[in-house]
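**Student:** take this sequence and fold it.
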Amino acid sequence: MAKTIQGVPESITRDQLKEFLNNFGFKPEELTNLNVGPEGVTAVVFERNENGTRKLNTFGDGYVKHVIRIPIEN
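**Tutor:** Have a look, this model is predicted:
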């Protein structure tokens, strides 16, 4: 059983997740990883082709991904 902290929910709804990601301009299906820390937000996202599909890398063994960093400013 995980430790609980007063005021922290045990779960969130999919709509809450979408709203949170939308604040950063992301859609859940774009992400492979999201890290929110004291210095900012780091996301790993799929690159898309012109038709909107995930772009395969040149080796054909996976998809092209980009790391996006959004720093916190004072």
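
**Student:** first to last residue in stretch 61-74, what's the distance?
**Tutor:** End-to-end distance for stretch 61-74, by Cα to Cα, to the nearest Å: 41 Å.

**Student:** pLDDT-wise, which helix or strand of this structure ranks last?
**Tutor:** helix 14-22 (a mean of 93; mean pLDDT, DSSP states H and E).

**Student:** mind checking how far that one is from the chain centre?
**Tutor:** The chain centroid and the centroid of helix 14-22 are separated by 11 Å, computed with Cα atoms, centre = their mean, to the nearest Å.

**Student:** other residues contacting that helix?
**Tutor:** Applying Cβ atoms under 8 Å, 6 or more residues apart in numbering, the contact partners of helix 14-22 are 12, 27-28, 31, 34. Quick note: C-beta positions are derived from backbone N, CA and C, even for glycine.

**Student:** need the residues you listed in a markdown table with distance to residue 5, secondary structure and neighbour count, can you?
**Tutor:** Shown next, in a markdown table, are the contacts of helix 14-22 (distance: Cβ to Cβ, whole Å; DSSP: H, G, I helix; E, B strand; the rest coil; neighbours: other Cβ atoms under 10 Å):
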| residue | distance to residue 5 | secondary structure | neighbour count |
| --- | --- | --- | --- |
| 12 | 14 | coil | 10 |
| 27 | 29 | coil | 10 |
| 28 | 25 | helix | 12 |
| 31 | 25 | strand | 16 |
| 34 | 20 | strand | 18 |
